[in-house]
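**Q** Compute the structure for the input listed below.
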Amino acid sequence: MTETEIANIALGKIGGAGDQAAGDAFIRNINGTDLVSAACKRFFPVCRKLVIAELAVLKTPFRETAKFKDLGTEVDTDVETGQWEYAFNLPGDFLSISMQFDETRMSERHNQNYQYRFDVIANAAQDGYLLLTNDLSNYNDSGQPDSAFIEYAFDLKKTGAWSEGMVDCVATRLAAMLCPIVGKGISVRNHMMQEYKLVAIPFAQAFSQHQSDNSARTISNFLGGRNTVLRGLTV
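**A** Model (predicted):
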C-alpha cells in the first residue's frame, strides 16, 4: 500500500477532501500541488513517527518496527548522568524504546520477565541518544552480564511492509490532522482522535501482542482423542 492510498483512507474517514483536491474527494498523488495533497505530504511523516513511538511506549510496538539489540560496550559521556551508573549509545535508527529487559526472557528455560528502569537522553553532540540504566541485562557466552538488552522501534518508512493495524492507526491519526484542511469542525477531529485511541490502537495492540506471544505452553489433553487442537496448540 502506498502513501497516497493511506492518505486517501484517511480522507475517506472524514468524508473526503471536498472541492479542495481538484474537485475530487480524494487525492491523485501525495506529491500533488493542491492544498490537500500538500497537507497529506507534510503531515504523513509526523503521523507515522507519532504512531510508531506511541505503540512502543505502550510496550506493544508494531512487530514490523520492532528490533532487539545488545547495546554493546558502555560509553564515557560528557553529559550529566545523575543517578544512573551505566550509559550506552542507542542505535542510529532508534526512534522510541519499548523496554529494557533481561536477555534470558528470550529463552524457554526461564519463566521470569525482568524489566528495568532506564532513561533516554541526547548525547553531548546532540546527534544521537544514550540509554542510562543501573542494570546490565545482556549476557556474554559465560553467562555474565556485560551490557544492556532492549527492544526498540525504528521509523519504518516502507509502507508496503506495514501491517493492517499500522495502516489503520496512521490513517486515523492523519484524518484527525487533516480535518481543518478540508473544512471539518473540531467535533469531527475529536471523534477521529477518539477512534484512534479507543479503536485503532487497541486493535493494533492486540495484533502486536498476538504476533509476539511467547506464553504458549504444552498442555495436557484430557479429551480422550476427541480433539487434537486446543486454543490453536496441537497436543
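**Q** alpha carbons only for contacts and neighbour counts from here, please
**A** Will do.
**Q** Quick one: residues in contact with the helix ranked longest in the chain.
**A** If each helix of the chain is counted by residues according to DSSP state H, the longest one is helix 35-57. Where contact means C-alpha atoms under 8 Å, 6 or more residues apart in numbering, the residues beyond helix 35-57 that reach it are 3, 7, 17, 20-21, 27, 29-32, 61-62, 65, 95-98, 152-155, 166, 169-170, 173-174, 177-178, 181-182, 201, 205.
**Q** Who are the contact partners of Gly165?
**A** Taking C-alpha under 8 Å, 6+ apart, one finds Ala200, Ile201, Phe203, Ala204, Phe207 in contact with Gly165.
**Q** and the last one, which of the three is it?
**A** Under the three-state scheme (DSSP: H, G, I helix; E, B strand; the rest coil), the conformation of Phe207 reads as helix.
**Q** What degree of burial does it show, as a neighbour count?
**A** The number of residues packed around Phe207, counting by other C-alpha atoms under 10 Å, is 18.
**Q** pLDDT value on it, please?
**A** What the model reports for Phe207 is a pLDDT of 84.
**Q** what's the answer for the first one, then?
**A** According to the per-residue confidence, Ala200 scores 96 in pLDDT.
**Q** got the contact list for the spatially closest residue to it that is not a sequence neighbour?
**A** In space, Ala200 comes closest to Cys169 once its chain neighbours are excluded; the distance is 5.3 Å by C-alpha to C-alpha, 6 or more residues apart in numbering. Applying C-alpha under 8 Å, 6+ apart, we find Cys169 in contact with Val51, Tyr196, Ala200, Ile201, Ala204.
**Q** So which of the contacts of Gly165 sit within strands?
**A** In strands, defined here by DSSP state E, there are no members of these.
**Q** where are the low-confidence patches of the protein?
**A** For the chain, the stretches flagged by pLDDT under 70 are 18-24, 105-113, 212-235.
**Q** what about Asp78, how many neighbours?
**A** Asp78: 9 neighbours (other C-alpha under 10 Å).
**Q** Are we agreed that it is in a helix?
**A** No: for Asp78, which was evaluated using three-state DSSP, the result is coil, with no helix membership.
**Q** Number the chain from 56, please
**A** Happy to do that; since the first residue is 56 now, the last one works out to Asp133.
**Q** That one is in contact with Ala179, isn't it?
**A** Yes: at 5.9 Å, Asp133 counts as touching Ala179 under the criterion of C-alpha atoms under 8 Å.
**Q** Which residue ranges of this protein form strands?
**A** Along the chain, the segments classed as strands by DSSP E run 121-125, 141-144, 149-156, 170-171, 173-177, 184-188, 193-194, 200-202, 204-209, 284-285, 288-289.
**Q** quick one on the thing from earlier: now intersect the contacts of helix 90-112 with the helices, please.
**A** Glu58, Ala62, Met221, Cys224, Val225, Arg228, Leu229, Met232, Leu233, Ile256, Gln260.
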